[in-house]
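In: compute the structure for the input listed below.
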Amino acid sequence: MEYKRFGNIVAVRMDPGEEVLEQMERAAKAAGVKTASVSAIGAVNDFTVGLYSVEEKRYFPNRFTGAFEIVSLIGNITQMNGEYYAHLHLAAADGEGKTYGGHLNRAVISVTCEMFLTELDGEIDRVKVPETGINIFRFA
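Out: All right, here's what the predicted structure looks like:
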C-alpha cells in the first residue's frame, strides 16, 4: 500500500494480497485522517460482505472467491469512543456481470485497489443504538 495526500484528499493504492480494511486504516492513520468519505475501484479475489438483521442484531456474512471487479466501494471513516471507525459497502461483479454486495467485512486485493479518502474538516463520533444494535452518527 502506498498513499499520497492532495489537499483534503488522500489517494491510496493497494496491491495484490493486501486486505482492504487493514490497509485503509493504516493509510488513514498515517495521513492523520479522522473523518472522511471513501470511494474506490479495483479487483478482489476473496471478499466477505454481510446483511444486517435488525431482529437478531447481527450481520449474516456471505463469502465469495474468484475473480471479481469492484463495481463500487463506498463508505466513511469516523470515530467511536475516540478510536478509528470504518463503515464500508462493497459491490463486486464476476465474469458474467453478476454483482454481489453488502456491508464489507473483508476483501483481499487481486490486482489493485484505487481509493480516495476525502477528508472532512472536523470529527464525527458514533453511538450504539440499543433498539437496532447499530452504531450511528452522533453530532456534538
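In: where along the protein do the strands fall?
Out: 2-6, 9-14, 36-53, 58-80, 83-93, 99-119, 125-129, 134-138 (DSSP state E).
In: give me the angle between the second one and strand 2-6.
Out: Compare the direction of strand 9-14 with that of strand 2-6 by axes from the mean of the first three to the mean of the last three Cα atoms, to 10 degrees and you get 170 degrees.
In: what's strand 9-14 packed up against?
Out: Here strand 9-14 touches strand 2-6, helix 20-31, strand 36-53, strand 99-119, going by 3 or more Cβ pairs under 8 Å, 6 or more residues apart in numbering; DSSP states H and E. Every C-beta, even on glycine, is put in place using the N, C-alpha and C of the backbone.
In: list the buried ones in it?
Out: 10, 12-14 (16 or more other Cβ atoms under 10 Å).
In: repeat that for the fifth one.
Out: Along strand 83-93, the positions that meet the burial threshold by neighbour count (16+ other Cβ under 10 Å) are 85-88, 90-93.
In: what does that strand contact?
Out: Residues from elsewhere that reach strand 83-93 (Cβ atoms under 8 Å, 6 or more residues apart in numbering): 20-21, 24-25, 28-29, 34, 38, 44, 47, 49, 64, 68-79, 99-104, 107, 126, 135.
In: how does it look with 7 Å?
Out: Contacting residues not belonging to strand 83-93 are listed as 21, 24-25, 28-29, 38, 44, 47, 49, 68-79, 99-104, 107, 126 [Cβ atoms under 7 Å, 6 or more residues apart in numbering].
In: show me which of the residues you listed are buried.
Out: 24-25, 28, 38, 44, 47, 49, 68-70, 73, 75-78, 101-104, 107, 126.
In: dump the buried residues of strand 9-14 into a markdown table; add distance to Phe116 and pLDDT as well.
Out: Converted to a markdown table, those look like this (distance: Cβ to Cβ, whole Å; pLDDT from 0 to 100):
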| residue | distance to Phe116 | pLDDT |
| --- | --- | --- |
| Val10 | 7 | 98 |
| Val12 | 7 | 98 |
| Arg13 | 11 | 98 |
| Met14 | 12 | 98 |
